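Asks: please work out how this folds:
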Amino acid sequence: MTEQIRWRKSSRSNGTGNCVELAIIGDRTAARDSKNTTGPVLTFPTSTWTDFLTRTR
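Replies: Presented below is the predicted three-dimensional model:
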């Protein structure tokens, strides 16, 4: 069974297409370049991604 991945951009995206898109896949957070949606995808444990966001705010 293949799951549909739902990618999303930040609500603060300026609409130029120069964005990072994120998706939650199980217990991982995936990130990709919105200009190259078939390109590489980085994945992180969701807890690591949450920690990153907390520390950078």
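
Asks: which residues touch the residue most central in space within the chain?
Replies: In the chain, the C-alpha nearest the mean C-alpha coordinate belongs to residue 22, at 1.6 Å (Cα atoms, centre = their mean). Contacts were defined as Cβ atoms under 8 Å, 6 or more residues apart in numbering; by that measure residue 22 touches 7-8, 29-31. Placement of C-beta: from N, CA and C, glycine included.

Asks: show me which of these is closest to residue 41.
Replies: Sorting the contacts of residue 22 by how near they are to residue 41, with Cβ to Cβ, puts residue 30 at the top with 5.1 Å.

Asks: count residues in the vicinity of that closest one, would you?
Replies: 18 (other Cβ atoms under 10 Å).

Asks: also the one 5 residues further on?
Replies: Burial of residue 35, expressed as a neighbour count using other Cβ under 10 Å, amounts to 11.

Asks: wasn't the residue nearest to the centre of the chain part of a strand?
Replies: Yes - according to DSSP: H, G, I helix; E, B strand; the rest coil, residue 22 belongs to a strand.

Asks: now which of the contacts of residue 22 would you call buried?
Replies: Neighbour counting over the contacts of residue 22 (16 or more other Cβ atoms under 10 Å) leaves 29-30 as the buried ones.

Asks: so what's residue 40 up against?
Replies: Residue 40 is in contact with residue 32, counting by Cβ under 8 Å, 6+ apart.

Asks: and it, how far from residue 30?
Replies: To residue 30, residue 40 is 10 Å away according to Cβ to Cβ, to the nearest Å.

Asks: contact partners of the lowest-mean-pLDDT helix or strand in the chain?
Replies: Lowest by mean pLDDT, DSSP states H and E among the helices and strands of the chain is strand 8-9, with a mean of 90. Under the contact criterion Cβ under 8 Å, 6+ apart, strand 8-9 has outside partners 19-23, 34.
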